[in-house]
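Trainee: Quick one: sequence and predicted model below, then my questions.
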Amino acid sequence: MSLPGNLLITPRAFVRRHVLSRVVDLPSPLAGRTVMITGASSGIGEAAAHAVAARGAHVLLVARRTDELERVRDEVVAAGGAASAYPADLTDGDSVDALVAAVLAEHGSVDMLVNNAGRSIRRSLEYSYDRMHDFERTMAVNYFGPVRLTLGLLPAMRAQKFGHVVNVVTWGVQIKAPRFAAYIASKTALDSFARIAGREAYADNVTFTNIRLSLVRTGMIAATDAYDRSPARTPEQAAAWVVRALEDRPLTISTAVGSIAEVLNLVAPRLMDAVAWVGSSRFPDSSAARGER
């Protein structure tokens, strides 16, 4: 069953959202839940924090920048929501472990986790031969950090027989866009981890959703000149997808373009290689990717 935006949901979720909600004023499934959001100091994470708190959840905000994190917390509280700030660096294992210990000590468990923090790099292989650190950095932020955090919170979720993990990935895991080898590989790893973890935790009512987002107008894309003229979602539009993922708990949320590309990559892989090469040649590396600034 599908909705606009290629959002796949369960029949129960469909009935609740589109039938019962028109008859009675049902509270959001997020009401009273504890929801952790990483990368919450700006962009999608900040917008999602406001949207999730507005639905009655206690939002645990995680990011590296303490000042910005506390600003978001104060704004959420001023708007009538409940929020707590937890500064942490997801690339630092000790920092992640300390975060998990502090949160579990204070809250007992986290009902839902949104792995939103990420790092994007758009750079051709010809400019990456001596930049192995590009691949190491993206894996640290986009894969190892979220996995370590998820593993830290999973035991409590499974013990209480409820939990949901949302991973903000990219439609690139379906499209396989050139110049994004480091970024897409790290997000694909997280996408696959979630699918397997969801199967293992199925009997404990702990589920996973991968949101395969298209371009979003945040600070993460500012360094890429080609994106200045490209259509993009707003952080608030992306946050709406996060809320849907938390409330309806589908396996994936994908764009129509991403889903079509995924099928074509399976049916006609060499043709899609040619199409991707032609398309990417129209958008060369940015001056930053070439090392010019």
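Mentor: Structure's in. What do you need? Not measured: the values here are computed from a predicted model. Numbers count the residues shown, from 1 in each chain.
Trainee: Okay, strands next: where are they in the chain?
Mentor: 2-3, 7-8, 34-38, 58-63, 82-87, 112-115, 163-168, 206-212, 252-254 (DSSP state E).
Trainee: Just name the most buried of those strands.
Mentor: strand 112-115 (a mean of 29; mean count of other CB atoms under 10 Å). Backbone N, C-alpha and C define where each C-beta goes, glycine included.
Trainee: middle-most residue in this structure, spatially?
Mentor: Val168 (1.4 Å; CA atoms, centre = their mean).
Trainee: got the contact list for that residue?
Mentor: Contact partners of Val168, counting by CB atoms under 8 Å, 6 or more residues apart in numbering, are 44, 114-116, 118, 211, 213, 238, 242.
Trainee: Closest one to Val35 out of those, please.
Mentor: Val114 (6.8 Å; CB to CB).
Trainee: per-residue pLDDT, the closest one?
Mentor: Model confidence at Val114, given as pLDDT, is 98.
Trainee: thought it was touching Thr38?
Mentor: Yes: here Val114 reaches Thr38: they are 6.8 Å apart, a contact under CB atoms under 8 Å.
Trainee: Give the intersection of the neighbour lists for those two.
Mentor: Both Val114 and Thr38 are contacted by Gly45, under the criterion CB under 8 Å, 6+ apart.
Trainee: Surely Thr91 is in contact with Asn142?
Mentor: No: at 10.1 Å, Thr91 does not count as touching Asn142 under the criterion of CB under 8 Å.
Trainee: a markdown table for the strands of the chain, including distance to Ser281?
Mentor: A markdown table is the format used below for these (distance: least, CB to CB, whole Å):
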| stretch | distance to Ser281 |
| --- | --- |
| strand 2-3 | 34 |
| strand 7-8 | 33 |
| strand 34-38 | 35 |
| strand 58-63 | 37 |
| strand 82-87 | 42 |
| strand 112-115 | 33 |
| strand 163-168 | 29 |
| strand 206-212 | 24 |
| strand 252-254 | 26 |
